[in-house]
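Visitor: got a predicted structure here, sequence first:
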Amino acid sequence: MNIIAWSAVSAYGRTAADFAQGVRGDAAGDRPAPLSGSEHAHVVPDFDARLLLGKKGTRYMNRVTALAVSAVGAAMADLDARHDPAETGLVLGTTTGSVQSMMEFTHASLTGNRPYDVEPSVIPNSVMNCAAARCAIWHDLRGPNTTLAAGRPAGILALAYARRLLRAGRARTVLCGGAEEWTPDRAWLHERSLGVPTAEGTEGGSRTATRVAGVRTGRLGEGASVVCVTTAPTVRPLATVRAVRSTAVPPPASAERVLSEVVREVLADAGLDSSDVWGVARSGLDDDEANAVAALLPRQAAERLPAVGTFLGDTGAAAASLQIAAALTLAGPGAERDRHLLVTSTDPQGLAAAALLTVHPRPLESR
């Protein structure tokens with residue numbers, strides 16, 4: 001399965017070129033991504049759905065849907081004229097959909113005169129698969145349409161799902177990735193799900209919840225990233241997906257141990273050894289992930305690529321896809337030979353995943 005195109009919308013900017021420039025700058029100088037529009041999060045700068053996508057159909061579009069529509073459109077723009085919408089599928093990763101839209105729906109139901117006194121335009125946005133469905137309608141994609149709720153590793157699981165669609169002949173081309181928005185509602189829910197200390201008080205004084213072990217609770221981020229994959233012959237693929245694995249992390253199992261097993265399985269599936277790995281695209285959001293990578297791989301390979309989450313924050317379901325985009329940006333252009341890269345991810349809710357990509361050489365000036 002080959003990757004033939006990719007896109008990214010992130011705090012670096014609205015285009016893949018912005019992302020590539022930002023990632024290369026961070027890899028060279030350890031520069032933190034600028035905060036845009038919010039003192040609490042790394043958000044996409046100057047992202048206005050109505051200005052970027054047009055007024056038609058965007059009046060009630062929520063932010064995560066707009067990010068996904070934008071990313072899918074950018075990836076499709078790189079496809080040639082042989083692209084057939086009828087044979088193109090979409091696999092989009094999410095955490096819970098749009099938290100803000102769900103909150104708005106719930107608030108309207110609880111505060112209205114009747115539970116069903118909810119504005120009709122709010123209802124579609126509160127459904128988890130809203131973003132994927134709108135992408136298909138917007139871009140006339142008539143192949144399989146799937147939403148995967150998998151948190152941070154969603155982009156890796158989307159690759160595995162896309163591979164199954166291609167092998168079964170359900171599609172000739174699949175767009176797969178993830179999208180996540182930043183809103184105050186998501187920040188509120190994120191803090192409480194991880195047990196981050198809050199300023200709320202109780203009758204007995206301040207209340208402090210227990211932090212999930214190993215999880216770094218830095219700033220949240222947002223974004224969307226999509227790769228286009230196919231098994232059809234292509235002149236110059238960007239990369240080949242050699243292996244993908246994922247598994248649950250049941251308590252009280254260690255995420256470090258489980259991810260280590262997943263990485264070993266991925267290497268075995270690809271017929272490679274740890275010494276063959278050129279670099280690792282980590283999330284940078286979990287100590288267990290960092291420890292697993294450091295224990296299994298040579299130090300140079302483990303530390304060669306910057307951890308995207310260090311600069312873009314916790315981008316939720318977009319995280320793994322942005323890691324893949326970073327790997328394609330840093331490993332391909334200017335390379336003299338193929339480079340094998342690992343992409344790793346864990347989620348605090350109990351999931352570990354890894355993928356092995358062989359990134360092919362490209363001209364230095366390409367993104």
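Guide: Cool, got the structure.

Visitor: let me see the contact set for the residue nearest the centre of the chain.
Guide: Using C-alpha atoms, centre = their mean, the residue of the chain that lies closest to the mean C-alpha position is residue 318, 2.1 Å off. Applying C-beta atoms under 8 Å, 6 or more residues apart in numbering, one finds that residue 318 lies in contact with 10, 67, 93, 154-155, 177-180, 221-225. All C-beta atoms are positioned from the backbone trio N, CA, C, and that covers glycine.

Visitor: host element of residue 5?
Guide: In this assignment (DSSP states H and E), residue 5 forms part of strand 2-9.

Visitor: looking at the sheet around residue 339, what are its partners?
Guide: Under the criterion DSSP bridges, residue 339 forms beta bridges with residue 359.

Visitor: I'd like to know how many residues surround it.
Guide: In terms of burial, residue 339 registers 21 neighbours under the definition other C-beta atoms under 10 Å.

Visitor: right, and it touches residue 330 too?
Guide: No - the criterion here is C-beta atoms under 8 Å, and residue 339 misses it with residue 330 at 9.4 Å.

Visitor: list residues touching both of the two?
Guide: Among the neighbours of residue 339, those also in contact with residue 330 (C-beta under 8 Å, 6+ apart) are residue 279.

Visitor: residue 356: which of the contacts of residue 318 is nearest?
Guide: The shortest separation between residue 356 and any of the contacts of residue 318 is 14.3 Å, and it belongs to residue 155 (by C-beta to C-beta).

Visitor: now, which of the contacts of residue 318 sits nearest residue 323?
Guide: residue 155 (7.3 Å).

Visitor: strands of the stretch 151-300 of the chain, residue ranges please.
Guide: Secondary structure of the stretch 151-300 of the chain (DSSP state E, counting those that start in this stretch): strands located at 173-180, 201-202, 205-206, 220-221, 223-230, 239-248, 277-281.

Visitor: can you pull out the helices in the stretch 101-250 of the chain?
Guide: When assigned using DSSP state H, counting those that start in this stretch, the helices of the stretch 101-250 of the chain occupy the ranges 122-125, 130-139, 154-167, 184-194.

Visitor: any low-confidence regions in the chain?
Guide: In the predicted model, the chain carries pLDDT under 70 at residues 27-39, 81-82, 195-218, 365-367.

Visitor: need the phi and psi values for residue 355.
Guide: Here is the backbone geometry of residue 355 (degrees, to the nearest 10): phi -140, psi 150.

Visitor: and it, how far is that from residue 41?
Guide: According to C-beta to C-beta, to the nearest Å, residue 355 and residue 41 sit 27 Å apart.

Visitor: next one: phi and psi at the residue nearest to the centre of the chain?
Guide: Dihedral pair for residue 318: phi -90, psi -10, per degrees, to the nearest 10.

Visitor: just to revisit the earlier point, out of the contacts of residue 318, which is nearest to residue 3?
Guide: The shortest gap between residue 3 and any of those belongs to residue 177, at 11.0 Å (C-beta to C-beta).

Visitor: quick check: bridge partners of the closest residue in space to the closest one that isn't next to it in sequence?
Guide: For residue 177, ignoring the flanking residues on the chain, the nearest one in space by C-beta to C-beta, 6 or more residues apart in numbering is residue 226 at 3.6 Å. Taking DSSP bridges, one finds residue 7, residue 177 as the beta-bridge partners of residue 226.

Visitor: contacting residues for residue 8?
Guide: Per C-beta under 8 Å, 6+ apart, neighbours of residue 8: 15, 16, 19, 71, 223, 224, 225, 321, 322, 325.

Visitor: and those residues as TSV, adding distance to residue 46?
Guide: Shown next, in TSV, are the contacts of residue 8 (distance: C-beta to C-beta, whole Å):
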residue	distance to residue 46
15	12
16	16
19	15
71	16
223	14
224	15
225	18
321	21
322	19
325	20
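
Visitor: find the pair from these with maximum spatial separation.
Guide: The largest distance within the contacts of residue 8, taken as C-beta to C-beta, falls between 15 and 321 and amounts to 15.4 Å.

Visitor: hang on, the earlier thing: so which of the contacts of residue 8 belong to strands?
Guide: In strands, defined here by DSSP state E, the members of the contacts of residue 8 are 223, 224, 225.

Visitor: what distance do you get for the first one to residue 140?
Guide: This means residue 223. As judged by C-beta to C-beta, residue 223 and residue 140 stand 24 Å apart.
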